[in-house]
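> Make a model of this:
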Amino acid sequence: MQACRGWIVRSAAGRDKDTLLCVLGQEGDYFLLADGKRRKVSSPKRKKTGHVDMVCRGTFRHPAIRKLEDGLTVSDSELRRALGAFRHQGGN
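Predicted structure coming up:
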């Protein structure tokens, strides 16, 4: 299921609790998550879908998020900028 690419989620459990992350893909019951800083795009965090809270399901329009939705790769800096813009616009 690649429809979840580009979603923005908040970690609800674990050491990274309350961290905003971007969904890069899904493997079964796990999301592949990255924030571009602590979790790089090259080595995403596997986290159970029940351990995250959905914050934005593809409604945030940022160039990096659009690239992800189109199946293109993004750099860590692009992902950091997108999550920073999301926070700045009031997305928490």
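> pretty sure Gly58 contacts Val9?
No - using CB atoms under 8 Å, Gly58 is not in contact with Val9; the gap is 11.7 Å. For every residue, glycine as well, the C-beta is placed using N, CA and C.
> Between the two, which is the more surrounded one?
A side-by-side neighbour count of Gly58 and Val9, using other CB atoms under 10 Å, places Val9 first with 22 against 16.
> Report the separation between the closest residue in space to the more buried one that isn't next to it in sequence and Lys67.
Distance criterion CB to CB, 6 or more residues apart in numbering; nearest residue to Val9, sequence neighbours excluded, is Val52 at 4.1 Å. As defined by CB to CB, to the nearest Å, Val52 lies at a distance of 21 Å from Lys67.
> Please report the distance of Thr59 from Glu69.
11 Å.
> Looking at those two, which is more packed in?
Remark: of Thr59 and Glu69, Glu69 carries more neighbours, 16 against 10, as counted by other CB under 10 Å.
> what about the helices in the protein?
For the chain, helices defined by DSSP state H occupy the ranges 63-69, 76-86.
> quick one, what contacts His88?
Counting by CB atoms under 8 Å, 6 or more residues apart in numbering, His88 touches no other residue.
> Let me see the contact set for the residue nearest to the spatial centre of the chain.
Nearest to the geometric centre of the chain sits Cys22, at 0.4 Å (CA atoms, centre = their mean). Neighbour list for Cys22: 6-9, 33-35, 65, 68, 79, 82-83 [criterion: CB under 8 Å, 6+ apart].
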